[in-house]
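Asks: next input, structure requested:
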Amino acid sequence: MLLRSFRGLWGIYREREKKKKASLKLIPQLEVPENDGRPAWNSKLQYILAQVGFSVGLGNVWRFPYLCQKNGGGAYLVPYFILLLIIGIPLFFLELAVGQKIRRGSIGVWNYVCPSLGGIGVSSLMVCGFVGLYYNVIIGWSIFYFFQSFQYPLPWSECPIRRNGTLAIVEPECDKSSATTYFWYRQTLNTTSTIAESGGLNIKMTLSLLVAWIIVCLAVIRGIASSGKVMYFSSLFPYVVLFCFLVRGLMLKGSVDGIAHMFTPKMLEPQVWREAATQVFFALGLGFGGVIAFSSYNKIDNNCHFDAVLVSVINFLTSILATLVVFAVLGFKANLMNEKCVVENAEKILGYLNSNVLSHDLIPPHVNFTHLTTADYAEMYGVIKTVKEGSFSQLGLEPCVLEDELNKAVQGTGLAFIAFTEAMTHFPASPFWSVMFFFMLINLGLGSMIGTMTGITTPVLDTYKVQKELFTVCCCIVAFFCGLLFVQRSGNYFVTMFDDYSAGLPLTVVVILENLSVAWIYGTKRFMQDLEDMLGFRPCKIYFYLWKYVSPLFLIVLISATVVEMAISPPGYNAWVEELAQERFQSYPPWALAMCFALIVVAMLPLPLVYIARRFNLISDGSNKLSVSYRKTMMKDISNLEEQDEARSILGAKPGEAPSSGPALPPFNSVIL
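Replies: I've put the predicted structure just below:
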């Protein structure tokens, strides 16, 4: 009897094992991604170039060098690198992992991770929209300068001449500033004196913006099938140009002075850590959704940890390379400006000597005005200042110190369209270098815009069944018409407004909620186990502590510092005053101030709205829109559970009872990773 029972149980066990093996052949395993119809990258190189193109943008060229100069020279690199390790790489790895695992855009990912915080994805999409509107305007400016560079001499190399009959005079506004500054503010932007003056559309900038949106549309119209191919060029070409500029810059007089000035350590101030954290945060494109969207097209077993480290290191090294190039060229420019200063002030001194305002006895005997060096001028300036202490200010002499020229902090558009542009006018074959420089800016901007647009289109295409090409074209058309705000004559001021208010605080809030939803709501231990199942190895344990404690703490401090900075800094913009031919800080009028805060509110509004709607079951939690790969994984788990129930029923256990020695299966609508 016992033998017959044993044989019966053994037969049932063998039959169950056969069924289990058959089911494993039919149901794809987690480690082997199935073909669920989702587009995929043609190669790993194409994917890496897409992530590099998105993260490496205009900020690496005109923001990082400025912060490096402003915040301690070479000493700034230390806090930046530390924060890259403890904030940048871990959070970048987190976004890559959730996108690759769930295979959805930002809206789908955070709906699945934590439905109550599903507004994270919507806020990311809103910020992408705001940033894309003004970012493409900058590409439009670069396109305009690119086409203007095909002439010799360059149109911004000299001030225009105004003729009044037989009398020819230099344009007064240009004479007070410089040729490059005048070309930027008057002939390119034709800017108004205040943000309240619209001035109408700038036709040249409107056409440039149209060209920019056509290029972006063509690049992203077929999703990664088209954008991936564009990335081969747009991601690699800027490095070719940067290396060419570095070699050319090192051959220029004064370039070593600029690089030495950049790497000379200075005293670090407390706000350096805040600005370094902000730069790390934006340099990698965290919170935009583009990182998640790109990684969602990967195979599920792709080594995203390696990708996170590689892209972060490339981004950091690119920033260093761009800084070397910028300071080499600015060092050359500083030497030119200093020599010009010496010549102009030496002529003033000669005039004072000829008119007996100054005595020839004040001039050291070895000084030769025909070949006056900066050292000779500095000695002569010191003697005159000492002897004529009471009336020295009336002479109007400048000290002409090279360090003062190098300390002039320039960032953003001022660096690209004024300082760097002016330096290139003194290069041999200046049109060639100008064409290369602005073509590089176009490609840097295009790479970032592709990531930004992917962060908009991917979540929508994942959620709604719409035609990809039609939706992309409609997005670009709507964005162009919204972008007309930025190509008015006062449009430059709105670019500054959106840059200051539309992304900073909302993105920081988005990223900290991403971090908390994975580390504290879903659970860091479970996330680490999911990573081990997905990658085939367990990531270093330090990530557990970084995700759970360190990154949230630093992000909370960053949010607090950002709010304090916004509270104590008067909101305003630098307006170009035509009469003075220089910039002056102006406060925003009440309507513009309201617009600033509206940008922040609109970007963050989806967070509480979605939370309330899900809390009171006003909208679906998105569980009915699971990806095909996730549904099949869930079917495998349910199949295994049914087999366990069958065995237990034979042995006298109750169907559906969880085993005491194994983990319970999470509910179907639980957090998904």
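
Asks: V563: how many residues sit nearby?
Replies: Using other Cβ atoms under 10 Å, V563 has 12 other residues around it. Yep, even glycine has a C-beta here, placed from its N, CA and C like the rest.

Asks: do the same with L125
Replies: 22.

Asks: buried residues in the helix or strand hosting it, which are they?
Replies: Secondary structure from DSSP states H and E places L125 in helix 119-148. Buried residues in helix 119-148, counting neighbours by 16 or more other Cβ atoms under 10 Å, are found at 119-146, 148.

Asks: how far off centre is it?
Replies: The chain centroid and the centroid of helix 119-148 are separated by 11 Å under Cα atoms, centre = their mean, to the nearest Å.

Asks: the very next helix or strand once past it - contacts with which helices or strands?
Replies: Next along the chain after helix 119-148, taking DSSP H and E as the criterion, comes strand 161-164. Here strand 161-164 touches strand 167-170, going by 3 or more Cβ pairs under 8 Å, 6 or more residues apart in numbering; DSSP states H and E.

Asks: need the next SSE after the strand it packs on, C-terminal direction.
Replies: Assigned by DSSP H and E, the successor of strand 167-170 is helix 172-176.

Asks: and the contacts of that next one?
Replies: C159, P160, T181, Y182, R186, E578, L580, A581, Q582 (Cβ atoms under 8 Å, 6 or more residues apart in numbering).

Asks: inside strands: which ones of those?
Replies: Q582 (DSSP state E).

Asks: of the contacts of helix 172-176, buried ones?
Replies: In the contacts of helix 172-176, the ones that pass as buried (16+ other Cβ under 10 Å) are C159, T181, Y182, R186, A581.

Asks: can I get the residues you listed in TSV with distance to F616 and pLDDT?
Replies: Putting the buried ones among the contacts of helix 172-176 into TSV (distance: Cβ to Cβ, whole Å; pLDDT from 0 to 100) gives the following:
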residue	distance to F616	pLDDT
C159	65	86
T181	57	89
Y182	59	90
R186	56	89
A581	59	80
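
Asks: re the thing from before, so which elements touch the helix holding L125?
Replies: helix 106-113, helix 203-220, helix 430-463, helix 468-482, helix 491-501, helix 504-516, helix 590-604, helix 606-615.

Asks: if I pick the nearest residue to Q488 once chain neighbours are set aside, what's in contact with it?
Replies: Nearest non-adjacent residue to Q488, counting by Cβ to Cβ, 6 or more residues apart in numbering: S198, 5.0 Å away. Going by Cβ under 8 Å, 6+ apart, S198 touches T192, Q488, R489, S490.

Asks: farthest-apart pair in these, please.
Replies: Largest separation among the contacts of S198 by Cβ to Cβ: T192 and Q488, giving 8.2 Å.

Asks: compute the first-to-last residue distance for stretch 163-177.
Replies: Using Cα to Cα, to the nearest Å, the end-to-end distance of stretch 163-177 comes to 19 Å.

Asks: shaky segments in the chain?
Replies: 1-37, 72-73, 265-270, 409-411, 621-673 (pLDDT under 70).

Asks: okay, domains of it per the record?
Replies: 38-333+415-502+570-626, 339-406 (the TED database).

Asks: tabulate those domains (CSV), appending distance to F544.
Replies: Putting the domains of the chain into CSV (distance: least, Cβ to Cβ, whole Å) gives the following:
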stretch, distance to F544
domain 38-333+415-502+570-626, 10
domain 339-406, 45
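
Asks: nearest to L531, of these?
Replies: Per Cβ to Cβ, nearest to L531 of the domains of the chain: domain 38-333+415-502+570-626, 6.0 Å.

Asks: now the common contact residues for T192 and Q488.
Replies: With Cβ under 8 Å, 6+ apart as the test, T192 and Q488 both reach S198, G199.

Asks: neighbouring contacts of the helix or strand hosting W273?
Replies: Using DSSP H and E, W273 falls within helix 271-283. Around helix 271-283, the neighbours that count as contacts under Cβ under 8 Å, 6+ apart are 55, 59-60, 63-64, 67, 70-72, 76, 79-80, 83-84, 87-88, 287, 315, 319, 503-504, 507-508, 511, 554, 558, 561-562, 565.

Asks: could you do stretch 451-459 as well?
Replies: Contacts for stretch 451-459 (Cβ under 8 Å, 6+ apart): 50, 53-55, 104-108, 121, 124-125, 128-129, 131-132, 135, 216, 220, 223-224, 227, 285, 288-294, 296, 468, 471-472, 475.

Asks: put the alpha carbons of it into PDB.
Replies: Below are the C-alpha coordinates for stretch 451-459, written out as PDB (Å, rounded to 0.1, in the frame of the first residue of the first chain):
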ATOM      1  CA  GLY A 451      17.000  63.500 -26.200                       C
ATOM      2  CA  THR A 452      14.500  66.200 -25.000                       C
ATOM      3  CA  MET A 453      12.100  65.500 -27.800                       C
ATOM      4  CA  THR A 454      12.400  61.700 -27.100                       C
ATOM      5  CA  GLY A 455      11.500  62.500 -23.500                       C
ATOM      6  CA  ILE A 456       8.300  64.100 -24.800                       C
ATOM      7  CA  THR A 457       7.300  61.700 -27.600                       C
ATOM      8  CA  THR A 458       8.200  58.300 -26.000                       C
ATOM      9  CA  PRO A 459       5.900  58.600 -22.900                       C
END
